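Engineer: Below are the sequence and a predicted model for it; my questions follow.
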Amino acid sequence: MHDVNAVISAIATHIPRGRLTNEELSARPGGWPVEQIYEKTGIRCRPIAEPGECASDLAHSAALRLIESKRLDPESIDAVLFCTQSPDYVLPPSACILQHRLGLPRRILALDYNLGCSGYVAGLALAKGLVESRQARRVLLLTGDTYSKFIHPEDRSVCTLFGDGASATVVSAEQSTDRGVGATVFGTDGRGAPQLIVPAGGARCPRSPETALVVKDSDGNERSSDNLYMNGREVFRFAITTVPTCVEELMAKAGWDRDSTDFLVLHQANKFMVSELTRKLGWPADKVPLYVENLGNTVSSTIPFLLEKMIEEGEVVPGTRLLLVGFGVGYSWAGAAVTW
């Protein structure tokens, strides 16, 4: 029996129609000047979901675009994995709803997993496991988040950073090939859980009139316990110390070095984060691409957005070697060595 490799065979993305510009942010009470926002983040505008638009709607649109553009037979899908931190309901899983909306077969596995900025890479590893253990020949990996629904409009620490978006990726079985998702590494440090969190809304702390009370922090940011909280300083410290080690471990496991790697594709948190990691790693900037200006941080979808752009621009072609590294909420991190 020939070996089977898990290969990324297609990617498509989707953003909602709404936009939040630096001009709009600057006009809010206590807003920073327009150019200061750009200098801090590298972001000029962010896609924003409509009030009744959910992450599953965005993922549905991304999946339809992929199915139609690649003429993919829905019957060929054996599993759908949906990475989201903004599901439609506490239960049922949004992946089950997407199975029905997309017309996928009833025999498939469909599940949600709650992970943020490391979620795409973790999903590739899950898909690889299903494919290379021959439990599935074709996996539809979906990501989608609508952090805008959790953000207080006067919390500058997060409203300047996050955008809404979704992606769809097909991971397929190929016989005896050098292509595919290769070495993977993972990490988790739950001590960082309080540093990036929506405190209320789950079973631990249900929403109530008390959790909806808005308070102002020492930096002048306003939020309630129903809103997203991020300790930017601690999250930056985590990333700048953890990601370089992750990259080194991934290269060692893959047997690659910097010269034999074409691109290091990092989670696109913001321009400052990517630039600082590039500097600390000592990689040339042209090997560590950036794509946030008109997207912001789309959480689990930043890496597929960047990959799709690189494919369209001819930077990623058959044989291209990529190190993909996601990191964030949890704390969690994941890396994968991919040969296109």
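Structural biologist: Here it is on my side, so go on. Numbering: from 1, shown residues only.
Engineer: Per-residue pLDDT of the spatially most central residue of the chain, please?
Structural biologist: For the chain, the residue nearest the mean C-alpha position is Ser300 (1.5 Å; Cα atoms, centre = their mean). Note for Ser300: predicted pLDDT of 98.
Engineer: quick one, what contacts it?
Structural biologist: 83-85, 115-117, 119-120, 123, 143-145, 167, 326 (Cβ atoms under 8 Å, 6 or more residues apart in numbering). The way it works is simple: take the backbone N, C-alpha and C, and place the C-beta from them, glycine included.
Engineer: Would you mind splitting this structure into its domains for me?
Structural biologist: Following automatic domain parsing, one finds the domains of the chain at 4-178, 182-339.
Engineer: And the first one, end to end?
Structural biologist: For domain 4-178, the first and last residues are 10 Å from each other (Cα to Cα, to the nearest Å).
Engineer: And the closest residue in space to Ile197 that isn't next to it in sequence, how far from Val215?
Structural biologist: Nearest non-adjacent residue to Ile197, counting by Cβ to Cβ, 6 or more residues apart in numbering: Tyr229, 5.6 Å away. Tyr229 sits 11 Å away from Val215, taking Cβ to Cβ, to the nearest Å as the criterion.
Engineer: show me what contacts the nearest residue to Val317 once chain neighbours are set aside?
Structural biologist: Excluding its sequence neighbours, the residue lying closest to Val317 (Cβ to Cβ, 6+ apart) is Trp340, at 6.7 Å. Going by Cβ under 8 Å, 6+ apart, Trp340 touches 8, 179, 316-322.
Engineer: Could you verify my assumption that the residue nearest to Ile197 touches Arg223?
Structural biologist: Yes. With contact defined as Cβ atoms under 8 Å, Tyr229 reaches Arg223; the gap is 6.3 Å.
Engineer: Of the domains of the chain, which stretch is the most buried?
Structural biologist: Among the domains of the chain, domain 4-178 has the highest mean neighbour count (mean count of other Cβ atoms under 10 Å), at a mean of 20.
Engineer: now the helices for the protein?
Structural biologist: For the chain, the helices defined by DSSP state H cover 22-26, 34-41, 55-69, 94-101, 119-132, 156-159, 232-254, 271-281, 302-312.
Engineer: nearest to Pro199, of the ones you listed?
Structural biologist: Across those, Pro199 has its closest neighbour in helix 156-159 (13.7 Å, Cβ to Cβ).
Engineer: Now do the closest one, average pLDDT.
Structural biologist: Mean predicted confidence for helix 156-159 is 94.
Engineer: Distance from the chain centre to that helix, please.
Structural biologist: Computed by Cα atoms, centre = their mean, to the nearest Å, the chain-centroid distance of helix 156-159 equals 18 Å.
Engineer: Packing partners of it?
Structural biologist: strand 229-230 (3 or more Cβ pairs under 8 Å, 6 or more residues apart in numbering; DSSP states H and E).
Engineer: what is in contact with Tyr229 and Val215 at once?
Structural biologist: Joint contacts of Tyr229 and Val215 (Cβ under 8 Å, 6+ apart) are Arg223.
Engineer: and the nearest residue to Ser148 once chain neighbours are set aside, what is it in contact with?
Structural biologist: Closest residue in space to Ser148, ignoring its immediate chain neighbours: Ile48 at 4.9 Å, by Cβ to Cβ, 6+ apart. For Ile48, the contact set (Cβ under 8 Å, 6+ apart) comprises 16, 18-20, 148, 163-164.
Engineer: now Ile48: how far from Thr84?
Structural biologist: With Cβ to Cβ as the criterion, Ile48 and Thr84 are 17 Å apart.
Engineer: Same check on Tyr331?
Structural biologist: To Thr84, Tyr331 is 19 Å away according to Cβ to Cβ.
Engineer: What of Gly103?
Structural biologist: Distance of Gly103 to Thr84, computed by Cβ to Cβ: 20 Å.
Engineer: Surely Thr278 touches Phe272?
Structural biologist: No. Using Cβ under 8 Å, Thr278 is not in contact with Phe272, being 10.8 Å away.
Engineer: low-confidence ranges in the stretch 101-250 of the chain?
Structural biologist: The stretch 101-250 of the chain contains residues with pLDDT under 70 at 176.
Engineer: where along it do the strands fall?
Structural biologist: 109-113, 138-145, 165-175, 180-188, 196-197, 215-216, 222-223, 229-230 (DSSP state E, counting those that start in this stretch).
Engineer: For Ile97, find the nearest of the ones you listed.
Structural biologist: strand 109-113 (8.8 Å).
Engineer: Neighbouring strands of that closest one in the sheet, and parallel or not?
Structural biologist: Applying DSSP bridges, strand 109-113 is found paired with strand 79-83 (parallel).
Engineer: What are the contacting residues of the partner strand?
Structural biologist: With Cβ under 8 Å, 6+ apart as the contact definition, strand 79-83 has outside contacts at 56, 59, 93-95, 98-99, 102, 104, 108-113, 115, 119-120, 122-123, 126-127, 130, 135-136, 139-144, 300.
Engineer: for the record, mean pLDDT for that strand?
Structural biologist: For strand 79-83, the mean pLDDT works out to 98.
Engineer: tilt between that strand and helix 119-132?
Structural biologist: Between the axes of strand 79-83 and helix 119-132, defined by axes from the mean of the first three to the mean of the last three Cα atoms, to 10 degrees, the angle is 160 degrees.
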